[in-house]
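J.: Here's my sequence, what's the structure:
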Amino acid sequence: MLSPVLAGLGLGFSLIIAIGAQNLFVLRQGLRREHVLAVAAICAISDAVLIALGVSGIGFVLQAVPWLVDVVRWAGALFLVAYGVLAARRAWRPSGETLGAGAADSDPSASSGASAPAPPAHTHTGEALEPDASASAVRSDIRTAATPAAHARLIPVLLTCLALTWLNPHVYLDTVFLLGTVANTHGDSRWLFAAGAMAASVIWFFGLAFGARLLGRWLSTPRAWRILDAVIAVVMIALGVSLVLPH
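T.: Residues are numbered from 1 along each chain as shown. Below is the predicted model:
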């Protein structure tokens, strides 16, 4: 007989490994190396909370108020479509922020060739710069130019991550209802099942977020980032529309 922990781990992986809005967002943040730890932690903690709610029986409460799921469904659909439109805009008219992500991974010394303009020997006030200070300033300018023009701030990124997680009605269907129902079939071992499912979320989100950088060399060109944003746009808009279409 399969242990409750392994059963929870297997079901957790089977539900979480799919092309969805949340996974695409985590992948993009991992590729850009922006707030990777925070994004992975938010996703894993959110899943753990939802799994705990399902195992504790909150799913039966949600079944008693079906209008709440409808509210989440429409709010999630609007958010996904809006996010998809923004991704489509990035693909159609790429900005320096998006295209700079690939360059940020390159060696700063590779960008400091002879083509870089030499700094002036004197400041505007006529004071001479020390040779070491001048070289240090050039290296600093190169590193700054190699980073995204407008590095995304933490709070907007976390709010987007929370919205993609908690405004997705499929999260409640899969995590709260399905996982909660299956967990409760294990009787006194239901929390061991829940622990296995939570472990699957932690492994997946941290693996996806930090493993995404391995794809960096294939996404180091502006064209590759435009293609990625186009794919994200199509998936996000399709998911948003599917939430409100009659089944």
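
J.: C-alpha from now on. contacts and neighbour counts both.
T.: Will do.

J.: show me where pLDDT drops low in the chain?
T.: For the chain, applying pLDDT under 70 flags the ranges 1-2, 19, 59-63, 69, 94-152, 219-220, 247.

J.: what's the closest non-adjacent residue to the residue nearest the centre of it?
T.: In the chain, the centroid-proximal residue (Cα atoms, centre = their mean) is residue 26; its distance is 2.0 Å. Nearest residue to residue 26, sequence neighbours excluded (Cα to Cα, 6 or more residues apart in numbering): residue 209, at 5.7 Å.

J.: Centre of the chain to the one helix or strand the one you found maps to, how far?
T.: If you go by DSSP states H and E, residue 209 is part of helix 190-211. Averaging C-alpha positions (Cα atoms, centre = their mean, to the nearest Å) puts helix 190-211 16 Å from its chain's average.

J.: Run through who's touching it.
T.: Here helix 190-211 makes contact (Cα atoms under 8 Å, 6 or more residues apart in numbering) with 4-13, 16-17, 23, 26-27, 29-31, 36-37, 39-41, 43-44, 47-48, 51-52, 55, 179, 183-184, 186.

J.: Can I have the buried ones of those as a ChimeraX selection?
T.: To isolate the buried members of the contacts of helix 190-211 in ChimeraX, using 16 or more other Cα atoms under 10 Å:
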select :4,5,6,7,8,9,11,12,13,16,23,26,27,29,30,31,36,39,40,41,43,44,47,48,51,52,55,179,183,184
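
J.: Run through the helices of the chain in chain order.
T.: Along the chain, the segments classed as helices by DSSP state H run 4-16, 21-32, 36-56, 58-64, 66-92, 96-103, 131-146, 154-166, 169-171, 180-184, 190-211, 222-244.

J.: Run through who's touching the first one.
T.: By Cα under 8 Å, 6+ apart, the surrounding residues in contact with helix 4-16 are 174, 179, 183, 186, 189-190, 192-201, 204.

J.: Distance check, residue 89 against residue 40.
T.: Using Cα to Cα, to the nearest Å, residue 89 is found at 25 Å from residue 40.

J.: before we move on, what about residue 231?
T.: Residue 231 is 21 Å from residue 40, where distance means Cα to Cα.

J.: Stretch 173-186: how far from the chain's middle?
T.: On Cα atoms, centre = their mean, the centre of stretch 173-186 falls 25 Å from that of its chain.

J.: Just the endpoints, please. Distance across that stretch?
T.: Using Cα to Cα, one end of stretch 173-186 lies 19 Å from the other.
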